[in-house]
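In: 3D model of this:
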Amino acid sequence: MIFETLSSLSLQELKEQAFKLSVSDRLALVSAIVESLQDTSISAHDRSSAIKRMRGLLRTDQLAPTDVEEL
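Out: Numbering: from 1, shown residues only. Down below sits the predicted model:
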């Protein structure tokens, strides 16, 4: 399975490989990471920092599409 291969990579290598995965494999990887964090105690500072980074990933220079554009 894909996760056994990824477990021997460094963080930088893992990030590079993540971009090469199919969408379904990336979603499965995200799910596995989130699941692994469920029982982990995370400080408020770390949580806030992670949220800020995720918001940055969602930023775009384009306006949100209107309902008309979506049709």
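
In: can we go C-alpha only for contacts and neighbour counts from here?
Out: Will do.

In: in which helix or strand does the residue minimising distance to the centre of the chain reside?
Out: For the chain, Val30 is the residue whose C-alpha lies nearest the centre (CA atoms, centre = their mean; 5.5 Å). Secondary structure assignment for Val30, by DSSP states H and E: helix 23-37.

In: mean confidence for that helix?
Out: Throughout helix 23-37, pLDDT has a mean value of 87.

In: burial measure for Ser24, as a count.
Out: For Ser24, the neighbour count with other CA atoms under 10 Å is 9.

In: so where's the chain shaky on pLDDT?
Out: For the chain, the stretches flagged by pLDDT under 70 are 1-7, 39, 58, 69-71.

In: quick one: the helices in it, in order.
Out: Assigned by DSSP state H, the helices in the chain fall at 2-6, 11-18, 23-37, 44-58, 67-70.

In: tilt between the second one and helix 23-37?
Out: Spelled out, that is helix 11-18. Angle, helix 11-18 to helix 23-37, by axes from the mean of the first three to the mean of the last three CA atoms, to 10 degrees: 140 degrees.

In: and helix 11-18, what's buried?
Out: For helix 11-18, a neighbour-count test (16 or more other CA atoms under 10 Å) marks Ala18 as buried.

In: roughly how far out does that helix sit from the chain middle?
Out: A distance of 12 Å separates the centroid of the chain from that of helix 11-18, by CA atoms, centre = their mean, to the nearest Å.
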